[in-house]
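A.B. asks: pasted the sequence and its predicted model underneath.
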Amino acid sequence: MTPKEQSAATREIAARAPIIPVLVIDDLAHARPLAEALVAGGLPALEVTLRTPCALDAIRAMAAVPGGIVGAGTLLTPEDVRAAKAAGARFGVSPGATPRLIAACAAEGLPLLPGAATATEVMVLFEQGYDMLKFFPAEAAGGAPALKAIGAPIPQVAFCPTGGVTPANAPGYLSLPNVVCAGGSWVAPRDRLAAGDWAGIEALARAAASLGR
Ligand SMILES: O=C(O)C(=O)C[C@H](O)[C@H](O)COP(=O)(O)O
């Protein structure tokens, strides 16, 4: 799968809702009800970070939820890419990008949303065919003004800013022509997961789904 084809796929997935929830799942039992709540709230594209021991099993469980599109986040190595694909991930997200990671995604046919934070990083990925990127770490790297500035000379590249995005600053990103959606963890707070507050998470998702609209 070429980088161009990968970006076409991630762009289509990103365009389905203004926010991609970034999920850290500690308890496998949370996976399915969490995905159901987020999808019911209007956020179909879900990023499960590979930061917890049950993350791959969580992807497996969530991939079965109707209407959801489950991806794997925190892809760092080719092994992560292979494991994510085997678990049923439909896309991958990484904080940056390396040649080995890109080669693995091409070989596995896993559409990658690679991270970039500077004009040079954006240009290196664009040169390879990627035109849909994750802007990470969004707030620390200059926020919406930085992304707006990058968009002036490189308008062909679209972004999903992630890292420090909140309901308060998300509209600033979503108003930019080079932003398709944003990623954020606030729709699935650890305390609500621990409490099994699926109705509360659905309400957070519904509010996030209406951002920028
Ligand atoms: O795990 C990854 O792949 C990452 O790149 C990190 C995430 O983008 C941030 O953890 C977003 O988290 P918040 O800033 O809380 O919204």
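C.D. replies: Arrived safely. Values in this document were obtained by computation on a predicted structure and should not be read as measured data.

A.B. asks: can we go C-alpha only for contacts and neighbour counts from here?
C.D. replies: Fine.

A.B. asks: how about the helices in this structure?
C.D. replies: In the chain, the segments counted as helices under DSSP state H are 3-14, 31-40, 55-62, 78-87, 99-108, 119-128, 143-151, 170-174, 190-195, 198-209.

A.B. asks: first to last residue in stretch 154-161, what's the distance?
C.D. replies: Length of stretch 154-161, first residue to last, C-alpha to C-alpha, to the nearest Å: 16 Å.

A.B. asks: what's the answer for stretch 183-191, then?
C.D. replies: Between the opening and closing residues of stretch 183-191 there is a gap of 19 Å (C-alpha to C-alpha).

A.B. asks: list the contacts for S185?
C.D. replies: 21-23 (C-alpha atoms under 8 Å, 6 or more residues apart in numbering).

A.B. asks: tell me how far it lies from the ligand.
C.D. replies: Computed with C-alpha to the nearest ligand atom, to the nearest Å, the distance linking S185 and the ligand is 4 Å.

A.B. asks: could the helices of the chain be laid out in a markdown table, adding distance to P137, mean pLDDT and mean neighbour count?
C.D. replies: Listed next are the helices of the chain as a markdown table, based on distance: least, C-alpha to C-alpha, whole Å; pLDDT from 0 to 100; neighbours: other C-alpha atoms under 10 Å:
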| stretch | distance to P137 | mean pLDDT | mean neighbour count |
| --- | --- | --- | --- |
| helix 3-14 | 18 | 98 | 20 |
| helix 31-40 | 23 | 98 | 23 |
| helix 55-62 | 22 | 98 | 24 |
| helix 78-87 | 21 | 98 | 20 |
| helix 99-108 | 19 | 98 | 17 |
| helix 119-128 | 13 | 98 | 15 |
| helix 143-151 | 9 | 98 | 19 |
| helix 170-174 | 13 | 98 | 21 |
| helix 190-195 | 21 | 96 | 13 |
| helix 198-209 | 20 | 98 | 20 |
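
A.B. asks: make TSV out of these and add distance to the ligand.
C.D. replies: Written out in TSV, the entries for the helices of the chain read as follows (distance: least, C-alpha to the nearest ligand atom, whole Å):
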stretch	distance to the ligand
helix 3-14	14
helix 31-40	15
helix 55-62	11
helix 78-87	12
helix 99-108	13
helix 119-128	15
helix 143-151	12
helix 170-174	11
helix 190-195	11
helix 198-209	13
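
A.B. asks: so which of these is nearest E47?
C.D. replies: With respect to E47, and counting by C-alpha to C-alpha, the nearest of the helices of the chain is helix 55-62 at 8.9 Å.
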